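> make a model of this:
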Amino acid sequence: MDRFVVISGCSGGGKSTLLAELARRGCAVVEEPGRRIVSEQLLSGGSALPWLDLAAFARRAIALALDDRAAARQHSGWVFFDRGLIDAVAALASAMATPLDRAFCDAHRYNRRVFLTPPWPEIYAGDAERRHDFSVALAEYDRLRDAYPALGYEVTILPKVSVSARADIVLGTLAEEGM
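Model prediction:
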């Protein structure tokens with residue numbers, strides 16, 4: 001859908017903070033599937049965690065991203081996704097050492113413009129839900145930076161500037177492109 005916009009990129013690169021700023025400005029936002037899954041799995045003692053079973057985690061993230069897309073249809077105007085389906089499909093492909101499922105991704109398109117937060121070691125921090133180190137975050141970023149263009153998306157890499165400036169860039173870019 002043209003009004004579904006993905007904010008993706010490096011883990012710990014400021015995506016969630018940017019989404020919070022977009023929400024503060026009145027935009028509809030969808031939380032990252034991965035963090036919700038990790039919280040639920042930690043509470044329930046489950047094993048669908050990226051550090052235990054990446055494939056199971058990615059399959060859950062795909063299902064949740066599909067549910068998120070269906071629920072987002074109720075919103076009018078822009079809907080900004082903190083990661084989403086493509087990120088989950090890329091994680092599953094990596095876990096299974098298989099190519100991206102292009103047909104599946106093409107059947108569930110987002111806006112052609114995708115915004116990536118680059119690696120930003122100065123703000124990267126681990127926590128209970130982000131247990132991987134920065135090298136894992138870099139590898140994930142490289143996969144996503146390659147996956148989105150391979151699927152026909154146009155990528156804008158956001159500069160390392162204030163969250164307000166990043167939100168201005170996202171909204172300004174979409175406005176300039178007549179979206």
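
> rest of the way, CA atoms for contacts and neighbours
Fine.

> list the contacts for C105?
Counting by C-alpha atoms under 8 Å, 6 or more residues apart in numbering, C105 touches 85-86, 89, 151.

> average pLDDT for the particular helix or strand that has A175 in it?
Using DSSP states H and E, A175 maps to helix 163-176. Throughout helix 163-176, pLDDT has a mean value of 95.

> cool, and stretch 144-157?
For stretch 144-157, the per-residue pLDDT averages 95.

> hmm, who's touching it?
8-9, 86-87, 90, 100, 102, 105-106, 111-118.

> what about this structure, any weak spots by pLDDT?
Within the chain, the stretches with pLDDT under 70 are 1, 120-134, 179.

> okay, now the sheet partners of the helix or strand containing S8, with direction.
Using DSSP H and E, S8 sits within strand 4-9. Strand 4-9 has its sheet partners listed here by DSSP bridges as strand 79-82 (parallel), strand 113-117 (parallel).

> okay, the angle between it and helix 163-176?
140 degrees (axes from the mean of the first three to the mean of the last three C-alpha atoms, to 10 degrees).

> still on that earlier bit, buried subset of the contacts of stretch 144-157?
8-9, 86-87, 90, 100, 111-118 (16 or more other C-alpha atoms under 10 Å).

> ok, so of those residues, who is nearest L18?
T117 (9.5 Å; C-alpha to C-alpha).

> got a list of what that closest one touches?
Here T117 is in contact with 7-10, 13-15, 157-159 (C-alpha under 8 Å, 6+ apart).

> same thing but 10 Å
7-15, 18, 141, 145, 156-160, 166 (C-alpha atoms under 10 Å, 6 or more residues apart in numbering).

> how about it: what's its closest non-neighbour residue?
Leaving aside its sequence neighbours, T117 sits nearest to G9 (C-alpha to C-alpha, 6 or more residues apart in numbering; 4.6 Å).

> pull the helix holding A175 out as CSV, backbone CA atoms only.
Listed next in CSV are the C-alpha coordinates belonging to helix 163-176 (Å, rounded to 0.1, in the frame of the first residue of the first chain):
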residue,chain,number,x,y,z
VAL,A,163,15.1,12.9,15.9
SER,A,164,13.1,16.0,15.0
ALA,A,165,15.3,16.6,11.9
ARG,A,166,14.9,12.9,10.9
ALA,A,167,11.1,13.2,11.2
ASP,A,168,11.2,16.4,9.1
ILE,A,169,13.3,14.5,6.4
VAL,A,170,10.8,11.6,6.3
LEU,A,171,7.7,13.8,6.0
GLY,A,172,9.4,16.2,3.7
THR,A,173,10.6,13.5,1.4
LEU,A,174,7.2,12.0,1.1
ALA,A,175,5.6,15.4,0.5
GLU,A,176,8.2,16.2,-2.2
